[in-house]
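1. just coords:
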């Protein structure tokens, strides 16, 4: 008798017993049950508890009908157990350990063959014996359910006209070859193609965001194209005269948006998202899936698929709100009507203040390409936060689902993983907040009468110390970017605060792993304070006198957080000051 992951385990007997005897042997001895401090199972296997244990297996098709399980417990019943359900039973009796699951799967499938061979001898039938033996060759006894599915599918035609006797893969025995053939055919529906089609768009986006290079290359490609076009049209550095006579600079290279977030912050944000996804689905998630049921990323794709509506929403908002609505309302109509209205002059619509710069067609093309790039940036940011939320949601779901089956050593590692995930989400949050702030900073600059953005910031800074009452003259009413950044910043704040408080409840405030992780490794106060500071900084830009001081403070704090960010090392076995939560 052994203890595996807090459960009772025994090596399956190899005395040639059939599936009925092997199953009853396992449930009577309580194999797979959680044990107490003395190694005694806390509960007994019943049809209800066994059905619940199977339904808790981390696989979308892991379920069994209660009536079917009741048949298994009935020693007088002559129903067999399907190969699919043998694999589910192996997960339970194997206690979540890869080698033990493989041993029990081999034993159960071999016992199932003994059961069928015994039936065939009783009926004087041997024509199916060879087929059944081929079903339990080593290729069928596999840790990857999908692989065995394909093998079984090749063995039989899908045109069988035999009716199904249940929906869970367990069949009643009749001494006909068609019935035995039906038993195998119904085991092939483990992963229906319909699921793959439903999650196709989400899976493709997951591949894109998991790539640490491609999204950044796309951003730099569009940025290079816009810079080249702006240079050709002569709007890299261009001025116009405001109503109060100021020669105002609105050239593209004077915009902090392309210097700050297009070149640096957005690629850094995308790389942070990619690193978090790959760390979780490839390395950290295996701590929950060491039962050998399937590749660790498959369950992750199921989580991503469940959030596909949010990805579609990010696409829809980017296309219809950021691109179409903003371009038509803020650029297309004013250029065609040659009326600026109350929209701030910027380099894409400089034609309205300087008709000599470019033609109408060039202005429409430039503004369209620019707004499409802005929509692309908006999509990358929102979809990136969807994937960050998906990572945390998957982690918290698996923690709660497996909390009573996690050993002390693994619990320490899992809490360390949770801390690292939140820390990277925090890094992504402050990067995204600075992207919003840089966009709003330029939008607010366009509404004042300073000759350039540096002069505007310097004037605001010295006004605080000189106690001057001078205020910048407002030129126009608004910039559309002011409204889009408010919406995006609200999304950022909402996602981070949700993850922050749920993580604190799970990992610190009486959560499952709070006792196994040193308090000093969870700077909850720092994370919340920095995010609140950046939110206040965003709201104050161009709205209050002296906002440049808060802007400077926020830059210093952010630089400190980025440079001291310890999440760059994702080694699960690293030791911090001799008291690592991952210490074995």
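-> Alright, I've got the coordinates. Since this is a predicted model, take the numbers as computed values, not measurements. Numbers count the residues shown, from 1 in each chain.
2. Tell me which other helices or strands whatever helix or strand residue 443 lives in touches.
-> For residue 443, the host element (DSSP states H and E) is helix 408-445. Identification of packing neighbours for helix 408-445 by 3 or more CB pairs under 8 Å, 6 or more residues apart in numbering; DSSP states H and E yields helix 256, helix 266-278, helix 360-401, helix 453-466, helix 480-507, helix 524-540, helix 547-563. From N, CA and C alone the C-beta is placed, and that goes for glycine too.
3. Residue 421 touches residue 392, doesn't it?
-> Yes - if you go by CB atoms under 8 Å, residue 421 and residue 392 touch, sitting 6.0 Å apart.
4. list residues touching both of the two?
-> Residues touching both residue 421 and residue 392 (CB atoms under 8 Å, 6 or more residues apart in numbering): residue 503.
5. And stretch 223-239, what's buried?
-> 223, 226, 229-230, 233, 235, 238-239 (16 or more other CB atoms under 10 Å).
6. Surely residue 45 forms part of a helix?
-> No - according to DSSP: H, G, I helix; E, B strand; the rest coil, residue 45 belongs to no helix; its state is coil.
7. Name the nearest residue to it, ignoring sequence neighbours.
-> residue 27 (3.9 Å; CB to CB, 6 or more residues apart in numbering).
8. so who does the one you found touch?
-> With CB under 8 Å, 6+ apart, residue 27 has these contacts: 44-45, 50, 73.
9. quick one: which of these is nearest residue 89?
-> residue 50 (8.3 Å; CB to CB).
10. which residues does residue 203 contact?
-> For residue 203, the contact set (CB under 8 Å, 6+ apart) comprises 301, 304-305.
11. Of all those, the one with the weakest confidence?
-> Least confident of those in the model: residue 301, at 79.
12. What helix or strand is it located in?
-> Counting by DSSP H and E, residue 301 is part of helix 296-306.
13. Tell me which other helices or strands that helix touches.
-> helix 200-210, helix 360-401.
14. tell me the angle of that helix relative to helix 200-210?
-> Relative orientation of helix 296-306 and helix 200-210, computed by axes from the mean of the first three to the mean of the last three CA atoms, to 10 degrees: 120 degrees.
15. what's the angle from helix 296-306 to helix 360-401?
-> Going by the same axes, to 10 degrees, helix 296-306 makes 120 degrees with helix 360-401.
16. Please produce JSON lines containing the helices and strands packed on helix 408-445, extended by mean neighbour count, mean pLDDT and distance to residue 21.
-> Below are the helices and strands packed on helix 408-445 laid out as JSON lines (neighbours: other CB atoms under 10 Å; pLDDT from 0 to 100; distance: least, CB to CB, whole Å):
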{"stretch": "helix 256", "mean neighbour count": "17", "mean pLDDT": "79", "distance to residue 21": "75"}
{"stretch": "helix 266-278", "mean neighbour count": "22", "mean pLDDT": "92", "distance to residue 21": "46"}
{"stretch": "helix 360-401", "mean neighbour count": "20", "mean pLDDT": "90", "distance to residue 21": "32"}
{"stretch": "helix 453-466", "mean neighbour count": "15", "mean pLDDT": "84", "distance to residue 21": "81"}
{"stretch": "helix 480-507", "mean neighbour count": "18", "mean pLDDT": "87", "distance to residue 21": "43"}
{"stretch": "helix 524-540", "mean neighbour count": "17", "mean pLDDT": "93", "distance to residue 21": "55"}
{"stretch": "helix 547-563", "mean neighbour count": "15", "mean pLDDT": "91", "distance to residue 21": "62"}
